[in-house]
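Asker: Sequence and predicted structure, then a few things I'm wondering about:
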Amino acid sequence: MGNWMEITWRTLMAVVFLLLMTKLLGKRQVTELSVFEYITGITIGNLAGYISLDTDEKWYLGFLSLGVWVAVSLGIELLQLKSKRVRNWIDGTPTVLIQKGKILEKNLKKERLTTDELMQQLRMKDVFKAADVEFAIMEASGAINVLLKTENLPLTPKQLGIKVTPEREPIAVVMDGVVLVDPLQVRGFNEAWLVKELKKSDLRVEDVFLAQIDDFGTLTIDLYDDKVKQPKSQNQATLLAALKKCEADMEMYGLLTADENEKQKYAACSKQLQQLIDEVRPLIYQ
């Protein structure tokens, strides 16, 4: 029984020590690792296992070894923050693999990367032709980033000269059946509005596992009971969001234009779209 108690106690101490050391090292240790960080992670894990299970009478010296590894790792990270030369020496430098649609074979060999592996990485970026790539680079972490040629890039509203309304991220307003009042108020709504919206679908707050509001005021709902009916289809909910976006864009265009006739036209269109939204909403959430 003594051994069980000792192993349990030692394991708990190792877990607490590792947790403290992880907080000290920061989030970088859980992102894509450099070679040195990879080795450090494996070594610290092995030392923690030694502390937990090794029967050596001086097992506690494992904590000293852990502390040294963490201190060295932390010291190297601080040096890397202050010196680019140190960063390049420890982590290495990025390597260009494709330039202007041409694969650089020497750099592939330098990184011990086969053509098949390169094409696999390109496909993971939704690129199937190397000739479509303007620039591909292997980062120090081993990740490959790709920039397509200009003619292969998707068009954006900016390229078309269209101004669009900035969109914020959706926020959660119900989580685990509990209303989050502060996020609701941030978007200009209150709990009464939320209850009213849920009633349109014959739902209560307690039925909702997660509810989010996007920047256009569209409420999306995930229920505890997956068999309960929600909006008739995701396409209809998407249509409602698109209508709201169009209405917001019309309103914005009306504010931007200096022509009074154009301003009135945009205002009229915005009003018609709002009326359409009010008519469509009950049909979607029923």
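Answerer: Nice, thanks for sending it over.
Asker: I figured K149 was touching E134, is that so?
Answerer: Yes - judged on Cβ atoms under 8 Å, K149 makes contact with E134 at a distance of 4.5 Å. Any C-beta I mention is one placed from the backbone N, CA and C, and that applies to glycine too.
Asker: can you give me the helices in the stretch 1-150 of the chain?
Answerer: Here the stretch 1-150 of the chain has its helices, by DSSP state H, counting those that start in this stretch, at 2-25, 35-53, 61-82, 84-91, 105-110, 115-124.
Asker: Least reliable of the ones you listed by average pLDDT, please.
Answerer: Comparing mean pLDDT across those, the weakest is helix 2-25, with a mean of 67.
Asker: From Q212, how far out is V179?
Answerer: Taking Cβ to Cβ, to the nearest Å as the measure, V179 and Q212 are separated by 13 Å.
Asker: Show me whatever sits in contact with both of the two.
Answerer: V173 (Cβ atoms under 8 Å, 6 or more residues apart in numbering).
Asker: Now do the helices in the stretch 151-286 of the chain.
Answerer: Listed from the start of the chain, the stretch 151-286 of the chain has helices (DSSP H, counting those that start in this stretch) covering 181-186, 191-199, 234-256, 260-284.
Asker: Looking at those, which is nearest to D222?
Answerer: helix 234-256 (11.8 Å; Cβ to Cβ).
Asker: Could you tell me the backbone phi and psi angles at the residue most central in space within the chain?
Answerer: Geometric centre of the chain, nearest residue: E169, 11.5 Å, by Cα atoms, centre = their mean. The phi/psi pair for E169 (degrees, to the nearest 10) reads phi -70, psi 150.
Asker: Local confidence estimate at it?
Answerer: 81.
Asker: show me the contacts for it.
Answerer: Shown in contact with E169 (Cβ under 8 Å, 6+ apart): D215.
Asker: just the one 10 residues further on next, same as before
Answerer: V179 sits next to 173, 191, 194, 205 when contact means Cβ under 8 Å, 6+ apart.
Asker: quick one: it from A211, how far?
Answerer: From V179 across to A211, the span is 9 Å (Cβ to Cβ).
Asker: Give the residues shared as contacts by the two.
Answerer: Overlap of the contact sets of V179 and A211 (by Cβ under 8 Å, 6+ apart) consists of 173, 194.
Asker: hang on, the earlier thing: more neighbours: K149 and E134, which one.
Answerer: E134 (16 against 13; other Cβ atoms under 10 Å).
Asker: Tell me the one of the contacts of V179 nearest Q274?
Answerer: Taking those together and measuring to Q274 by Cβ to Cβ, the closest member is L194, at 20.4 Å.
Asker: Pull the number of nearby residues for the closest one.
Answerer: Count around L194 with other Cβ under 10 Å applied: 21.
Asker: Show the contacting residues for it.
Answerer: 173-174, 179, 184, 205, 211, 219.
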